[in-house]
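**Student:** I'll drop the sequence and a predicted model, then ask my questions.
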Amino acid sequence: MSNELIAGFRMSGEFIKNLEDKKFRVVSAENREVDDLDREGVKKQKTVLTIEIAGHQLEYYPNKTSLNFIAKSQGNEMTLKSLVGYKGEFITINQKIGQVMRDVIYAKGSVEE
C-alpha cells in the first residue's frame, strides 16, 4: 500500500478489512456538523476522531456502538478529551445497511465477532 492516500479519503469497512494490522490510536476528537447519509439535505452533529493507523492519519466517524465502547474503556468520561490517546483495534462485520450488505467498522470488543 502506498504511503500517500488520496486527499479526502474516507475510511471504509473494505479498507480496514484489507489491512493486516488493524490497530489504531486516537490523535484528536471533535464534534462536527456533517451530512446525514440517511436524509438528503439534512445536517447532524457527529463525533469525528482523527486516528493513526497503518502509517496514516485518517478521519474515523465511529458508530454509536464503537464510540460508547471507547468512552467506557476510558473511564466512561463522555468528553472529547477523554477519547484522545485511546489505543484499540478494528474489526469489520458484514451487515445489511439499508438494502446493501457492507463491511461495517467496529472497535474490537464493542460487538461479538
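**Tutor:** Arrived safely, thanks for sending. Numbers count the residues shown, from 1 in each chain.
**Student:** Tell me how many other residues crowd residue 12.
**Tutor:** Applying other Cβ atoms under 10 Å, we find 14 residues neighbouring residue 12. Glycine gets a C-beta too; all of them are placed from N, C-alpha and C.
**Student:** An error on my part: the question was meant for residue 53.
**Tutor:** As a burial measure, residue 53 scores 20 neighbours (other Cβ under 10 Å).
**Student:** Spit out the contact partners of it.
**Tutor:** By Cβ atoms under 8 Å, 6 or more residues apart in numbering, the contact set of residue 53 is 19, 22, 23, 24, 25, 90.
**Student:** how near is it to residue 75?
**Tutor:** Residue 53 sits 23 Å away from residue 75 when distances are taken as Cβ to Cβ, to the nearest Å.
**Student:** same question, residue 98
**Tutor:** Distance from residue 98 to residue 75, counting by Cβ to Cβ: 35 Å.
**Student:** Span of stretch 35-54 from start to end?
**Tutor:** End-to-end distance for stretch 35-54, by Cα to Cα, to the nearest Å: 27 Å.
**Student:** now it, how far from the chain's geometric center?
**Tutor:** Relative to its parent chain, stretch 35-54 has a centroid offset of 10 Å by Cα atoms, centre = their mean, to the nearest Å.
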